[in-house]
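Peer 1: Structure for the following, please:
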Amino acid sequence: MTREEFQANIIQYLATQASLPEGWSCGPKENLFDLGVLESFDLPRLVAHIERMLDRRADLKSRRSEVFFTLDTMYEAFVGASKEGSCAP
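Peer 2: Alright, predicted model coming up:
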């Protein structure tokens, strides 16, 4: 999955979950918590969505909440690092 595909999918998911206006978007380095579209209580559902999207379980043992701050950090944690074994098949 490319970075752009991942980010577009997460933006669509967040827009739906947070009832954001149609066409809402954000930059890959914008803090989703600061924008008010993500709260800590949203993380379990977001992780489940990422796992479904990537068709594998996410290893969260070594993850900190900062991973979810931006689209870039999520991509690196769950897709970019998957080659290093951060997500179990």
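Peer 1: Please spell out which residues along the helix or strand encompassing Glu76 are buried.
Peer 2: Using DSSP states H and E, Glu76 falls within helix 71-78. Of all the residues in helix 71-78, those buried under the rule 16 or more other Cβ atoms under 10 Å are Leu71, Asp72, Thr73, Met74, Tyr75, Ala77, Phe78. Where you see a C-beta, it was placed from the backbone N, CA and C, and this is true even at glycine.
Peer 1: Go through the protein and flag its longest helix.
Peer 2: helix 3-17 (DSSP state H).
Peer 1: which stretches of the protein aren't confidently modelled?
Peer 2: Applying pLDDT under 70 to the chain picks out residues 81-89.
Peer 1: do that again at 80, thanks
Peer 2: 62-63, 81-89 (pLDDT under 80).
Peer 1: what residue is smack in the middle of it?
Peer 2: Centroid check for the chain by Cα atoms, centre = their mean gives Met74 as the closest residue, at 4.7 Å.
Peer 1: quick one, what contacts that one?
Peer 2: Counting by Cβ atoms under 8 Å, 6 or more residues apart in numbering, Met74 touches Phe6, Ile10, Ile50, Val67, Phe68.
Peer 1: Go through the residues you listed and name the one nearest Ser25.
Peer 2: Ser25 has its nearest neighbour among the contacts of Met74 in Ile10, at 10.9 Å by Cβ to Cβ.
Peer 1: Count residues in the vicinity of that closest one, would you?
Peer 2: Ile10 has 23 neighbours, counted by other Cβ atoms under 10 Å.
Peer 1: which residues sit in contact with it?
Peer 2: Leu46, His49, Ile50, Leu71, Met74.
Peer 1: same thing but at 6 Å, please
Peer 2: If you count contacts by Cβ atoms under 6 Å, 6 or more residues apart in numbering, Ile10 has them with Leu71.
Peer 1: That one and Asp55, how far apart?
Peer 2: Distance of Ile10 to Asp55, given as Cβ to Cβ, to the nearest Å: 16 Å.
Peer 1: what helix or strand does Arg63 sit in?
Peer 2: Using DSSP H and E, Arg63 falls outside every helix and strand.
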